[in-house]
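Engineer: Structure, please.
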Amino acid sequence: MTGGLRDALHELADIVEPADLYDRAVRRSRRIARREAIVGTGAALTAIGLLAGGLWHLPADESKQPPHALSGPAATSPAPIPAIPPVATQRAPAPTHPRPAPTSAAPHRGNQPPPASPTATPASRALADLPGHVFYRQAGADPDVLRLSPAGAGVETVLPKAPSPVGISPDGKSIAYAVGGTLLVERSGGVPRPLATGVRTAAQAPVWSPDGGRLLVDTSAPVVVEVDSGAVTPLAASFAGGRHFRWSGDGSALVYATSYCALKVSAGGTDSAVPVLGDKQAENNPAGLAACQPTSVDATGGRVTVPLQSTGETSADAPDTADAVVDTVTGEVVPLPVAGSVVGASFGPTGNLLVRARQGGRTTLSVFAPGGKLLVQATEPAALNGLELLAYTR
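Structural biologist: Modelled structure (predicted):
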């Protein structure tokens with residue numbers, strides 16, 4: 001009797017003990033995972049706190065003057081407010097290890113989370129102090145193109161029923177577009193002048209060089225057209241698969257998109273891929289971000305405005321209006337210290353950044369200097385509600 005009981009207990013122990021060890025191992029693994037998650041969350045909150053608290057500084061070259069000096073009240077305003085993080089100075093190699101998601105990443109346009117840095121205080125809240133001119137277009141086919149002249153708070157139509165995507169010159173006085181494949185340039189409401197034929201605009205709106213002397217367009221391949229003479233110069237064969245080319249403000253770099261919705265920067269004879277965006281590897285691009293269409297570039301090529309997309313979308317899904325700023329060195333989305341949803345962003349020819357944001361039925365225009373200072377933040381005229389941001393010029 002006693003021997004039979006002992007044997008039965010041994011058999012029961014053989015059954016129960018492995019299960020208990022397995023349960024304890026699972027519970028311990030879960031405790032470790034929770035502890036690591038807490039530590040990771042704390043580190044992320046610390047990083048965001050440092051950014052929000054302004055515990056970073058601009059690199060030395062950010063103190064240089066932009067190619068064109070600002071004029072008016074903005075040029076004499078107080079010392080720059082460190083509102084936007086500085087541009088990285090060296091291009092990073094493609095990531096080979098998991099990267100954290102960008103602090104203001106927004107896979108869906110118009111649905112950005114609150115900025116990682118606090119809203120900034122502008123030097124002026126008067127629309128009349130906003131430097132330059134802002135161009136808009138109606139949504140849909142054959143849109144009217146309108147111009148806002150802040151000094152007089154006037155809004156005027158500069159091209160009714162545009163027959164194709166358009167390009168606005170850096171001085172805001174000329175507009176380029178195509179009719180039946182013919183590239184036309186119209187200056188200040190004058191007679192349109194033909195420059196080239198065989199021009200296609202589906203993947204490349206006419207883009208002006210920073211000096212206003214050339215136009216980059218697409219024919220059977222990307223070409224550059226001299227505005228004065230009409231002479232055509234093809235880009236290098238390596239650019240053949242590119243689309244939506246944009247010049248940097250100093251003319252030293254070209255930023256363009258690839259067919260798989262990634263970005264490249266061409267500068268000094270070298271092409272560099274912008275990390276993260278378009279990368280289908282989850283460890284490199286955890287938020288699944290893509291950019292099928294750059295819309296404007298800062299003075300040096302360090303930052304670009306884009307409509308953010310998901311890697312599951314295609315270039316055909318890309319909207320024309322940017323809702324984010326991306327660092328071309330790191331591929332990270334730059335936090336924009338404005339309230340509301342960003343519905344438009346564009347770099348001007350001097351490197352100033354115009355951000356259009358909407359909150360509670362009100363739309364504001366904010367202009368940041370290249371160093372990050374908020375120059376002007378003013379309410380946009382109600383007549384422009386429902387229109388799309390097209391360009392920001394001198």
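Engineer: Could you tell me which residues make contact with Cys261?
Structural biologist: Contacts for Cys261 (CB atoms under 8 Å, 6 or more residues apart in numbering) come out as Leu277, Gly278, Ala290, Ala291, Cys292, Gln309, Thr311, Glu313, Thr314, Ser315, Ala318. Every residue, glycine included, has its C-beta placed from N, CA and C.
Engineer: neighbours around the fourth one, how many?
Structural biologist: It refers to Ala291. Using other CB atoms under 10 Å, Ala291 has 29 other residues around it.
Engineer: okay but it is in contact with Val326, surely?
Structural biologist: Yes: contact criterion CB atoms under 8 Å: Ala291 and Val326 qualify, at 6.5 Å.
Engineer: Can you work out which residues contact both of the two?
Structural biologist: Residues touching both Ala291 and Val326 (CB under 8 Å, 6+ apart) are Leu263, Val274, Leu277, Val304, Val306.
Engineer: Give me the sheet partners of the helix or strand hosting the fourth one and which way each runs.
Structural biologist: Secondary structure assignment for Val304, by DSSP states H and E: strand 303-306. Strand 303-306 has these partner strands in its sheet, going by DSSP bridges: strand 296-297 (antiparallel), strand 324-327 (antiparallel).
Engineer: Could I get the average pLDDT for the helix or strand that that strand is followed by?
Structural biologist: As assigned by DSSP H and E, the chain's next helix or strand after strand 303-306 is strand 309-310. Taken as a whole, strand 309-310 has a mean pLDDT of 92.
Engineer: and strand 309-310, what does it pack onto?
Structural biologist: Under the contact criterion of 3 or more CB pairs under 8 Å, 6 or more residues apart in numbering; DSSP states H and E, strand 309-310 touches strand 289-290.
Engineer: Let me see the mean pLDDT of the strand it packs on.
Structural biologist: Rounded mean pLDDT across strand 289-290 is 96.
Engineer: which secondary structure elements does that strand contact?
Structural biologist: The contact analysis (3+ CB pairs under 8 Å, 6+ apart) places strand 289-290 against strand 309-310.
Engineer: what's the span of stretch 227-246 from first residue to last?
Structural biologist: Distance between the boundary residues of stretch 227-246 (CA to CA, to the nearest Å) amounts to 17 Å.
Engineer: Enumerate the positions of it that are buried.
Structural biologist: Val227, Val232, Leu235, Phe239, Gly242, Arg243, His244, Phe245, Arg246 (16 or more other CB atoms under 10 Å).
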